[in-house]
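Asker: need the 3D shape of this:
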Amino acid sequence: MADSILESLQQIPTKYLAVIDKKATVYTSCITNKTVKTLTKLSRWENKIKTMLQKVSPATAAQLFASGQTTFTTLLQQVQQGEAMALTYRAQYNKYTDDVTTSLKYITQQKEQLDSSILKKAAASHKKMKELASEEDKSEALQQFIKERKKQLVSQAISHIGPSKYLVKMNKEAFYYAETLKNYKEIFSDSKKAEETVKGILNKIPAFKQFMERNSILSQENQVDLLSTANVTGLQTRGGVQNLILQRISAGGPNAQQVIRQNLIAGQDEISKMKDKLNSLISGNGGKTGGSEASELEFTPNMQKTKTFFQRLEYGFNLQFNRSNDLIPAGINCSVTAGYKITDRSLVGVGLSYVAGFGNIQRVQISHQGIGLRSFINSKLKKEFYITGGYEWNFNPAITEIRTPNREAYKKWSTAALLGITKKLSIKTKLVKGTTLQFLYDFLHNQHLPVSQPFVFRVGYILN
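Answerer: As a prediction, the model looks like this:
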């Protein structure tokens, strides 16, 4: 048994520890940076509101910004100086974080089976996971404080200064802060290949399963107090309730506790989802968000602001078939594109194209017919229809060889100004998450040599 455990543990790749270490570092940094940026904005707007109130209602200003009152400014100073915030709140349970932290703790205790270098890396990663948990708790506490402070400011200030732009900005920033952190957590909780490999290795060790049951967050009474510890007259104590539960589930066999633990995890996940939906409904109507305390502060959120830069990128590939004429053979125009989502309804991007000629039916001959650069913008009209505009630069080497009086003009790249409609289709594969059909009109087709076709039809693919 000892030999099999040793063999399993030695299969743990150092890449796993490197992945966890990097993810924890990046995630912690993202939370800290977002917190500082949010508090900086909220502090600035809070001070603007203070200045306005001091002019119209000094008594209200004195009440909201009294000495000893916790404000966005005081919290920002505490964060920047590395002081502990006077806020306490525990983040929601995250099964991924719990599993990783407990797994690292188990690895660090295998001193007789593992090399000291691996143990040292595991200990460092475990420490970072603990620091990450602390950072999550602070961000959760800050979210709760932002809600309370925002409600306090709005309820007392709006009657004096109205729905000020600073109150609106504060409302938006509070929403985007919470949603951005939720997105960061989802990215962090996405398991990588190395993590899945190690998870499979550890799950083969019976001792590890027992360790997880004893040391996970859910199993530790001092961390997750599911039952009341108070010994109130007429109510059962926590120990009494636990004994009663154990008696009831004993008939379920040796695996009953494990089954209930899994059900608790699944139940908490569902409760979290329901809470998110409820908060969304409470915060506003019709997709809008804002405080129920002031409907004037409602706004339609741009969810792209809650995503990372790379999450807002959209890669594509499209094809366009060109007809032949006296100078240019029939060909195919291929383009790769990269777009950036400005909002949920609009996207701007650039692309690089290549034109290959293939002759005609009588004689198929592949030839180089040019390259091009593209810029474009898409804006949603209705459902899956978008209005598309673009400006393109195209260079065809065959055109420059034509001897005309103004030959020099045709050595330059020709341009195209396009406007039309794009229709998105739900045709998907493993590599493609969407298909597009574009019908565009080129306003500069008459300026080309030779005159090109005015209408352009393209088939595109949005890549995963």
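Asker: which ones are touching residue 17?
Answerer: Residues near residue 17 by C-beta atoms under 8 Å, 6 or more residues apart in numbering: 118, 121, 122, 125. Using the backbone N, CA and C atoms, a C-beta is placed for each residue, glycine as well.
Asker: could you do residue 443 as well?
Answerer: Counting by C-beta under 8 Å, 6+ apart, residue 443 makes contact with 417, 418, 419.
Asker: filter the residues you listed down to the buried ones.
Answerer: For the contacts of residue 443, a burial check counting by 16 or more other C-beta atoms under 10 Å picks out residue 418.
Asker: in strands only, show me the contacts of residue 443.
Answerer: Judged by DSSP state E, the subset of the contacts of residue 443 located in strands is 417, 418, 419.
Asker: out of those, the closest to residue 62 would be?
Answerer: Residue 62 lies nearest to residue 419 out of these, by C-beta to C-beta, at 58.0 Å.
Asker: if I read this right, that closest one contacts residue 441, doesn't it?
Answerer: Yes - using C-beta atoms under 8 Å, residue 419 is in contact with residue 441, at 5.9 Å.
Asker: can I get the contacts of residue 443 in a markdown table including pLDDT and distance to residue 31?
Answerer: As requested, these are exported to a markdown table (pLDDT from 0 to 100; distance: C-beta to C-beta, whole Å):
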| residue | pLDDT | distance to residue 31 |
| --- | --- | --- |
| 417 | 95 | 45 |
| 418 | 96 | 43 |
| 419 | 97 | 43 |
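Asker: of the contacts of residue 443, closest to residue 171?
Answerer: Closest to residue 171, out of all of those and judged by C-beta to C-beta, is residue 419, at 36.9 Å.
Asker: in the stretch 201-350 of the chain, what spans have low per-residue confidence?
Answerer: 218-297, 324-329 (pLDDT under 70).
Asker: need the ones in strands among the contacts of residue 443 in CSV with distance to residue 450, can you?
Answerer: Shown next, in CSV, are the ones in strands among the contacts of residue 443 (distance: C-beta to C-beta, whole Å):
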residue, distance to residue 450
417, 18
418, 19
419, 22
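Asker: can you say which of the contacts of residue 17 are buried?
Answerer: 118, 121, 122, 125.
Asker: so the first one is in contact with residue 18, correct?
Answerer: No - with the criterion set as C-beta under 8 Å, residue 118 and residue 18 do not qualify as a contacting pair; they are 11.2 Å apart.
Asker: stretch 310-320: which residues count as buried?
Answerer: For stretch 310-320, by 16+ other C-beta under 10 Å, it's 314, 316, 317, 318, 320.
Asker: just put these in CSV and tack on distance to residue 380 and secondary structure.
Answerer: Formatted as CSV, those follow (distance: C-beta to C-beta, whole Å; DSSP: H, G, I helix; E, B strand; the rest coil):
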residue, distance to residue 380, secondary structure
314, 13, strand
316, 16, strand
317, 21, strand
318, 18, strand
320, 23, strand
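Asker: residue 331: which of these is nearest?
Answerer: Nearest to residue 331 among these: residue 320, at 9.4 Å, using C-beta to C-beta.
Asker: show me what that closest one is bridged to.
Answerer: Taking DSSP bridges as the rule, residue 320 bridges to residue 333.
Asker: measure it to residue 459 for me?
Answerer: 8 Å (C-beta to C-beta, to the nearest Å).
Asker: what does residue 135 give?
Answerer: When residue 135 is compared with residue 459 (using C-beta to C-beta), they lie 47 Å apart.
Asker: next one: residue 352
Answerer: Residue 352 is 18 Å from residue 459, by C-beta to C-beta.
Asker: who's in contact with residue 434?
Answerer: For residue 434, the contact set (C-beta under 8 Å, 6+ apart) comprises 424, 425, 426, 427, 428, 461, 462.
Asker: recalculate using a threshold of 10 Å.
Answerer: Contacts for residue 434 (C-beta atoms under 10 Å, 6 or more residues apart in numbering) come out as 314, 316, 384, 424-428, 460-464.
Asker: again, but for residue 60
Answerer: With contact taken as C-beta under 10 Å, 6+ apart, residue 60 is in contact with 50, 53, 54, 156, 157, 159, 160, 161.
Asker: are any of the residues you listed buried, and which?
Answerer: 50, 53, 157, 160, 161.
Asker: of all those, which two lie farthest apart?
Answerer: Most distant of these, by C-beta to C-beta, are 50 and 160, 11.8 Å apart.
Asker: got any residues that touch both of the two?
Answerer: In contact with both residue 50 and residue 160: 60, 61, using C-beta under 10 Å, 6+ apart.
Asker: quick one: the strands in this structure?
Answerer: Under DSSP E, the chain gives strands at 313-322, 330-341, 346-359, 367-382, 385-395, 414-425, 432-442, 455-463.
Asker: can you list the buried residues in stretch 445-452?
Answerer: So for stretch 445-452, counting by 16+ other C-beta under 10 Å, buried means 445, 448, 452.
Asker: one more: stretch 345-363?
Answerer: By 16+ other C-beta under 10 Å, the buried positions in stretch 345-363 come out as 346, 347, 349, 351, 353, 355, 357, 358.
Asker: off-centre distance for that stretch?
Answerer: Centroid separation for stretch 345-363 versus its chain: 32 Å, with C-alpha atoms, centre = their mean, to the nearest Å.
Asker: with stretch 424-431 instead?
Answerer: The answer for stretch 424-431 is 22 Å, by C-alpha atoms, centre = their mean.
Asker: show residues contacting it.
Answerer: Residues outside stretch 424-431 that contact it (C-beta under 10 Å, 6+ apart) are 317, 378, 380, 383-386, 433-437, 459-464.
Asker: ends of that stretch, how far apart?
Answerer: Start-to-end span of stretch 424-431 (C-alpha to C-alpha, to the nearest Å) is 16 Å.
Asker: mind listing what's buried along it?
Answerer: Quick answer for stretch 424-431 (16+ other C-beta under 10 Å): residue 424.
Asker: pLDDT of it, averaged?
Answerer: Here stretch 424-431 scores 88 as its mean pLDDT.
Asker: show me what the longest helix seen in the chain is packed against.
Answerer: Scanning the chain for the helix with the most residues, using DSSP state H, yields helix 116-161. Helix 116-161 sits against helix 14-56, helix 58-64, helix 72-80, helix 95-108, helix 165-188, with contacts defined as 3 or more C-beta pairs under 10 Å, 6 or more residues apart in numbering; DSSP states H and E.
Asker: deepest of those, which one?
Answerer: Most buried of the helices and strands packed on helix 116-161, by mean neighbour count (mean count of other C-beta atoms under 10 Å): helix 95-108, with a mean of 21.
Asker: can I get the CA coordinates of that one in PDB?
Answerer: Extracted C-alpha coordinates of helix 95-108, given in PDB (Å, rounded to 0.1, in the frame of the first residue of the first chain):
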ATOM      1  CA  LYS A  95     -15.700  24.100  -4.300                       C
ATOM      2  CA  TYR A  96     -12.700  24.600  -6.700                       C
ATOM      3  CA  THR A  97     -10.800  26.700  -4.200                       C
ATOM      4  CA  ASP A  98     -11.600  24.300  -1.400                       C
ATOM      5  CA  ASP A  99     -10.400  21.300  -3.400                       C
ATOM      6  CA  VAL A 100      -7.200  23.000  -4.400                       C
ATOM      7  CA  THR A 101      -6.300  24.300  -1.000                       C
ATOM      8  CA  THR A 102      -7.000  20.900   0.700                       C
ATOM      9  CA  SER A 103      -5.000  19.100  -2.000                       C
ATOM     10  CA  LEU A 104      -2.000  21.300  -1.500                       C
ATOM     11  CA  LYS A 105      -2.300  20.900   2.300                       C
ATOM     12  CA  TYR A 106      -2.200  17.100   1.800                       C
ATOM     13  CA  ILE A 107       0.800  17.300  -0.500                       C
ATOM     14  CA  THR A 108       2.800  19.500   2.000                       C
END
